[in-house]
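1. Requesting a structural model of the entry that follows:
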Amino acid sequence: MFSADAKSEWTRQLNAARAAFNAPGLATSVYRGGESLDVAVGLASSREETAFSPHDRAPISCVMKVLVSVIALVADEQGVLSLRDDVARYLPALADGETGITLLDLLTHTGGYVEPQANSARWGFTWDDFVAFFPTRRQAFAPGSVWSYSHTGVVLLHRAIEAAYERPFPLVLGEQLLAPLGITLEFYGEMKSGEANLARLHVKTPQGQKFEPMRPPRETGFLRYSISDAVLSSHQLARLGAFLSGEFRVAHPHLERAIARLTTHAIDLPRYTLGPEGEKMPVSFCHGVADYGAFKGVNGSYVGSTCALRWGNEDGLGMATVVNAYMPHVRDVVTDMLARPFLSAPASPLSRPLEPTFDPEELEGRYEGLMLGSADATIARDGDNLLCTLNFKRGAAVQGRFHLDTEGRARIVAGARELVMAIARDPTSRTPYLMASTSAFRKCA
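-> So this is what the prediction gives:
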C-alpha cells in the first residue's frame, strides 16, 4: 500500500515543514490495511545530534484521556463500576457521603468544580493535597449541565478505575487495550530520562532563536504521573488509532461496545467549540475525542512536546504526529498534511443543526472566568453589534464582533480570524456560560 515513492514524498514534505517552522524533530506514522508508513525528520536531541525516529517515545499528555475513557467504558460494560455512581463510592476520601459528581460527569468534563488554579494540581499537588482541597472546592455549576475541560476530573476517574479493579491503572490498561497491540505503557520523568527510544523534549532559549533539550520534570504531582507523563511513539499511536477504527480488533465484546460508545455524544449541550489551535471539539468532548471532519482524534500538549492522534470511522486507519517541542501549530499543520491523501470521501458534518436558544441581548454583561487559564469576559453593545472580549491569565485577549449562527453556535469575528464558542445555560439558575477551548466563563449576576 505504501510505496517507496510515497515515503520519499512524505519525507520531502516533512523536511519542508521542519525548515519552515524551525522544529527540532517531527515524527509521523500512518497504519492501514496491516501496513505502516513511518517517517521522521530532524533530531531526537539537538544537543547530542541524534536523529529522531518514529519509534522514539514522547509524552502523549491529553491523549492519555482517551485511554482512561476507553477503560472507564469497558469497566461500565463489564459491571466493574457504574458511570452513574457518585465518585465518592470509589474514592471515599473525597467526601463524607456523596459529592453529587458522578463518574459520567468526570468522563464528559461536566463535573463543574473549580480545580486548583495556576496548574498547581497539575504539577505540585500530591493525592493527599488534592483530598484536602476537594471539600473546599468551588462548585461552578450543577454537575452534568455545562462542559468545561478538566484535567483533574480525568485523574479522579483514573483513580476510581484503579479502586474498582483493585490494581494499578497501567496493568488494567495493558490487559484490556494495549496488550493486543504489543504496546507497553511507560512514563516520562527525571529518573527515566535515559531510557532507550525516549526523545529529548525541547524548549526555546531565552533569546527565542533555537531549541534546547529541557531537563525532565521531577516526578511530583498525582496528575502529572497519572495522565501527563505517559509516553508513546508515533508508530504506537498510529497502531492505537487503527485499533480504535476497526483494525485487528480482538474478540472482546466489552471492548467492542466501549469503543463504539467512545464516539457517541453523551450529554445534550451545544455541540462544538473551536479552540485557539483550530480544534473542533464536541462540547461533550466525547470522552476526549474530537470530530475532525472525516476523522476522529485528540491532541496532546506537554511542556516540551506535542502530539496528535487521528483515526477513521471503521476503516482501520490510524494516523499520528509527534513534535519534540511545544509547537501545537506545527502539530496541526503536519497532521492536516498527513490526512490529506485520505480525504477522498466527503467530510462528515461538523454538527447537527441546532435551533438558536439565546437572544443575543440576553448575553450582554460581564462574565467571570472559572477554569484553568480563563480570567474574565464581557459582551457589550456597540451600535448594531455586540462586542465580546475574552481575557486570559496568560496571553493576549480575544476581542471581536459576536453573533449566533443558524446552528446555535456563538462566533467571535475578529478581522480575518473567527473563534467559535459554545453557549450553555445552567438548568436551575438559567445563567449563561461561554466556553472557548479549555476556558469557561459564567455571566455575573
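2. and the gap between E35 and R340?
-> Distance of E35 to R340, given as Cβ to Cβ, to the nearest Å: 18 Å. Glycine gets a C-beta too; all of them are placed from N, C-alpha and C.
3. and if you look at W127?
-> Shown here: W127 relative to R340, a distance of 44 Å by Cβ to Cβ.
4. out of those two, which sits in the busier spot?
-> The neighbour count for W127 versus R340, taken as other Cβ atoms under 10 Å, is higher for W127 (15 against 10).
5. okay, the more buried one: pLDDT?
-> pLDDT for W127: 84.
6. Over to V70?
-> 90.
7. didn't it look like it was pressed against R261?
-> No. The pair V70 / R261 is not scored as a contact, 9.3 Å apart, by Cβ atoms under 8 Å.
8. More neighbours: these two, which one.
-> Using other Cβ under 10 Å as the criterion, V70 and R261 rank with V70 on top: 24 against 18.
9. pretty sure that one is in a strand, no?
-> No. Read with DSSP: H, G, I helix; E, B strand; the rest coil, V70 is helix and lies in no strand.
10. quick one: it and P170, what's the gap?
-> According to Cβ to Cβ, V70 and P170 sit 14 Å apart.
11. How about A325?
-> 27 Å.
12. and these two? which has more neighbours close in?
-> Between A325 and P170, counting by other Cβ under 10 Å, A325 is the more crowded of the two (29 against 17).
13. residues contacting the more buried one?
-> A325 sits next to A23, P24, G25, L201, H202, V203, K204, F211, G304, S305, T306 when contact means Cβ atoms under 8 Å, 6 or more residues apart in numbering.
14. Show the backbone phi and psi for I101.
-> Note on I101: backbone dihedrals following degrees, to the nearest 10 are phi -110, psi 120.
15. where does it land on pLDDT?
-> I101 carries a pLDDT score of 97 in this model.
16. ok, it touching T108?
-> No. I101 is beyond contact range of T108, at 11.2 Å (criterion: Cβ under 8 Å).
17. more crowded one of those two?
-> Taking neighbours as other Cβ under 10 Å, I101 and T108 compare with T108 leading, 27 against 24.
18. any idea how far the more buried one is from S69?
-> Distance of T108 to S69, given as Cβ to Cβ: 9 Å.
19. One more: W10?
-> From W10 over to S69 the distance is 31 Å, taken as Cβ to Cβ.
20. In terms of neighbours, single out the busier of the two.
-> S69 (25 against 20).
21. The more buried one reaches L262, doesn't it?
-> Yes. Counting by Cβ under 8 Å, L262 is a contact partner of S69 at 6.4 Å.
22. Tell me which two in the contacts of A325 are the farthest apart.
-> Pairwise distances among these were taken by Cβ to Cβ; the largest, 14.5 Å, belongs to G25 and K204.
23. Looking at these two, which has the bigger crowd around it?
-> A direct count of neighbours by other Cβ under 10 Å for G25 and K204 places G25 higher, at 28 against 15.
24. Contact partners for that one?
-> Contact analysis of G25 by Cβ under 8 Å, 6+ apart lists R18, A40, V41, G42, L43, A44, F52, A199, V323, N324, A325.
25. who wins for neighbours among those residues?
-> V323 (34 neighbours).
26. farthest residue from the center of the chain?
-> Distance from the C-alpha centroid of the chain, by Cα atoms, centre = their mean, peaks at G383 (38.4 Å).
27. Tell me how far it lies from H403.
-> According to Cβ to Cβ, G383 and H403 sit 13 Å apart.
28. Quick check: neighbours shared by the two?
-> Here G383 and H403 share no contacting residue, scored by Cβ under 8 Å, 6+ apart.
29. Least confident secondary structure element in the chain?
-> Lowest on mean pLDDT, DSSP states H and E among the helices and strands of the chain sits strand 272-274, with a mean of 35.
30. helices and strands around the strand ranked longest in the chain, which ones?
-> Taking DSSP state E as the criterion, the chain has its longest strand at strand 35-45. The contact analysis (3 or more Cβ pairs under 8 Å, 6 or more residues apart in numbering; DSSP states H and E) places strand 35-45 against helix 4-21, strand 25-32, strand 50-51, helix 234-244.
31. Partner strands of that strand and their direction?
-> Sheet pairing for strand 35-45, assigned by DSSP bridges, gives strand 25-32 (antiparallel), strand 50-51 (antiparallel).
32. Relative to Q236, which of those strands is closest?
-> Across the strands paired with strand 35-45, Q236 has its closest neighbour in strand 25-32 (8.2 Å, Cβ to Cβ).
33. Deepest-packed of the strands paired with strand 35-45, please.
-> Mean neighbours per residue, mean count of other Cβ atoms under 10 Å, is largest over the strands paired with strand 35-45 for strand 25-32, with a mean of 27.
34. which residue sits closest to the spatially most central residue of the chain, ignoring its sequence neighbours?
-> Computing the C-alpha centroid of the chain and ranking residues by Cα atoms, centre = their mean puts C62 first, at 4.4 Å. Nearest residue to C62, sequence neighbours excluded (Cβ to Cβ, 6 or more residues apart in numbering): G300, at 4.3 Å.
35. Great, nothing more from me.
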